Each structure stands twice: as structure tokens, then as C-alpha cells.
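**Student:** Build me a structure from this.
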Amino acid sequence: QLQLVESGGGLVQPGGSLRLSCAASGFTLDDYAIGWFRQAPGKEREGVSCITRSSIPINYLDSVIGRFTISRDNAKNTVYLQMSSLKPEDTAVYYCATRHYYCSRYTSEFGSWGQGTQVTVSS
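**Tutor:** The predicted structure is shown next:
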């Protein structure tokens with residue numbers, strides 16, 4: 001069974017850090033670009049970052065540049081999103097998803113999705 005599982009979310013104070021993980025089972029991530037997306041209450045799901053098969057990171061939101069870092073460890077079949085200097089506006093459910101070969105910022109172009117992990121930034 002092909003599955004993506006996100007973890008690492010939680011409640012954090014403004015300025016804090018979290019590392020999200022996206023672990024694959026039933027298939028290997030090597031052939032896929034992996035995207036991180038987020039969806040805040042009442043808002044559309046938006047692309048945050050993506051990492052190519054050759055581990056080139058791409059940020060789609062200006063607001064996360066310099067604060068979020070995407071990386072992958074193919075040996076562990078896992079992709080990470082390191083988030084620092086978190087702000088209340090980063091509060092959302094964060095999802096990872098797969099796309100063959102190339103990155104994209106559009107949700108419709110991604111295939112398999114995880115169930116999401118909640119990130120809440122609040123004092």
C-alpha cells in the first residue's frame with residue numbers, strides 16, 4: 001500500500017522551530033519530486049516548498065524564504081521541512097505530496113498525499 005505520513009507538527013510559540021517529516025511506505029521517493037503544502041482555516045491549500053529528485057530546493061512563498069528549509073534523505077525514504085522563526089500566520093495543516101520528476105506549486109499536479117500534520121504557532 002502506497003502511503004505518505006507526515007509528522008512533527010504541534011504547538012509552538014512565535015519564534016520557535018519545528019521539523020516536519022514526510023515518510024513514504026510502499027514505494028521509494030527517489031523517482032519523485034516532493035512538495036510541502038499548507039492549508040489554513042478558510043483558505044485554499046498553497047504550495048510552500050518543493051524538492052526535486054536531485055535535491056534542489058524550491059520555495060514558493062516569499063514569506064518562508066530564509067525561515068523554511070526543505071531537504072530529503074532517500075536512504076530513509078523521508079523528506080523534511082525545517083521551519084524556524086515561526087509566525088502565527090504559519091499556522092495551518094501541512095501536507096506533503098508526490099509528483100513524478102519535476103516540482104510544481106500547483107496542488108492539482110501532485111498525486112499521492114499524506115493526511116497532514118497540524119502546526120499551530122501561538123503564545
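**Student:** can you tell me which residues contact the residue nearest the centre of the chain?
**Tutor:** In the chain, the centroid-proximal residue (Cα atoms, centre = their mean) is Trp36; its distance is 2.6 Å. For Trp36, the contact set (Cβ atoms under 8 Å, 6 or more residues apart in numbering) comprises Leu20, Cys22, Gly47, Val48, Ser49, Cys50, Ile70, Val79, Leu81, Tyr94, Tyr95, Cys96. Where C-beta positions appear, they are placed from N, C-alpha and C, glycine not excepted.
**Student:** now with 6 Å?
**Tutor:** Residues near Trp36 by Cβ atoms under 6 Å, 6 or more residues apart in numbering: Val48, Ser49, Leu81, Cys96.
**Student:** hang on, the second one in a strand?
**Tutor:** If I follow you right, that is Ser49. Yes - remark: Ser49 belongs to a strand, assigned using DSSP: H, G, I helix; E, B strand; the rest coil.
**Student:** That one contacts Thr69, correct?
**Tutor:** No - Ser49 sits out of contact with Thr69 when judged by Cβ atoms under 6 Å, with a separation of 8.1 Å.
**Student:** And the two? Which one has more around it.
**Tutor:** The neighbour count for Ser49 versus Thr69, taken as other Cβ atoms under 10 Å, is higher for Ser49 (26 against 16).
**Student:** Could you pull up the residues touching the more buried one?
**Tutor:** Trp36, Asn59, Phe68, Ile70.
**Student:** how about those, which pair is most distant?
**Tutor:** Trp36 and Asn59 (9.8 Å; Cβ to Cβ).
**Student:** Quick one: classify Gly35 as helix, strand or coil.
**Tutor:** Here Gly35 is recorded as strand under three-state DSSP.
**Student:** Next: the one 3 residues further on.
**Tutor:** Of the three states, Arg38 takes strand according to three-state DSSP.
**Student:** Can you get me a residue count around it?
**Tutor:** A total of 23 residues lie near Arg38 under the criterion other Cβ under 10 Å.
**Student:** ok, now which ones touch the residue lying closest to it once chain neighbours are set aside?
**Tutor:** Excluding the flanking residues, the one nearest Arg38 by Cβ to Cβ, 6 or more residues apart in numbering is Ala92, at 3.8 Å. Neighbouring residues of Ala92 by Cβ under 6 Å, 6+ apart: Arg38, Gln39, Ala40.
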